[in-house]
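# Just a sequence and a predicted model for now, questions to come.
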Amino acid sequence: MIRHTQPASKEIKKVAVCGGAGSFLLSSAIAQGADAFVSADFKYHEFFDAEDKIMVADIGHYESEQFTKDLLAEVLKEKFSTFAIIFSKTVTNPISYL
């Protein structure tokens, strides 16, 4: 499930992304000319801050960060070929959905 505002324009060409709670970066996304901002943990009234200038898509805190470990592992493998990487199998998301 994605909570979102209506798109500000018919075509989305530029997307700003912030993993985790990113509502504090909304004004920066607008200033950079993004058509959409994908992040998490927007409060109800913070959606109004988009002011029809940008589409806000709140994909969930855990959901926006869950692939970060894979991205970091790729960077570490590229930079340090002998670096051992072990992934935890523990899921830390305390939220369940019906």
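That came through, no problem. Keep in mind that this is a model prediction, so the values were computed, not measured.

# Name the SS class of the closest residue to Y62 other than its chain neighbours, please.
Spatial nearest neighbour of Y62, excluding adjacent residues (Cβ to Cβ, 6 or more residues apart in numbering): N93 at 4.0 Å. Placement of C-beta: from N, CA and C, glycine included. Following DSSP: H, G, I helix; E, B strand; the rest coil, N93 is assigned to coil.

# pLDDT score for N93?
N93 is assigned 91 on the pLDDT scale.

# Can you give me the buried ones in the helix or strand hosting A29?
In the assignment (DSSP states H and E), A29 maps to helix 26-31. For helix 26-31, the neighbour count (16 or more other Cβ atoms under 10 Å) marks L26, A29, I30 as buried.

# just those residues now: which is nearest D58?
L26 (11.0 Å; Cβ to Cβ).

# quick one, what contacts the closest one?
Counting by Cβ atoms under 8 Å, 6 or more residues apart in numbering, L26 makes contact with F37, E46, D49, A50, I54, V56.

# Spatially, which two of these are the most separated?
E46 and I54 (12.3 Å).

# Looking at the two now, which is surrounded by more residues?
Of the pair E46 and I54, I54 is the one with more neighbours under other Cβ atoms under 10 Å, namely 26 against 14.

# List phi and psi for that one.
phi -160, psi 150 (degrees, to the nearest 10).

# Touching the biggest strand by length in the chain from outside, list them.
Longest strand in the chain, counting residues (DSSP state E): strand 15-21. Strand 15-21 has contacts (Cβ under 8 Å, 6+ apart) with 25, 28-29, 32, 34-41, 61, 64-65, 68.

# Return the set of buried residues in it.
A16, C18, G19, A21.

# The nearest residue to I85 once chain neighbours are set aside: how many residues sit nearby?
Among residues not flanking I85 along the chain, A73 sits closest, at 5.0 Å (Cβ to Cβ, 6+ apart). Neighbours of A73 under the rule other Cβ under 10 Å: 14.

# Just the local confidence number for A8, please.
Looking at A8, the pLDDT reads 86.

# Reformat the buried residues of strand 15-21 as TSV; add pLDDT.
TSV is the format used below for those (pLDDT from 0 to 100):
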residue	pLDDT
A16	98
C18	96
G19	94
A21	97
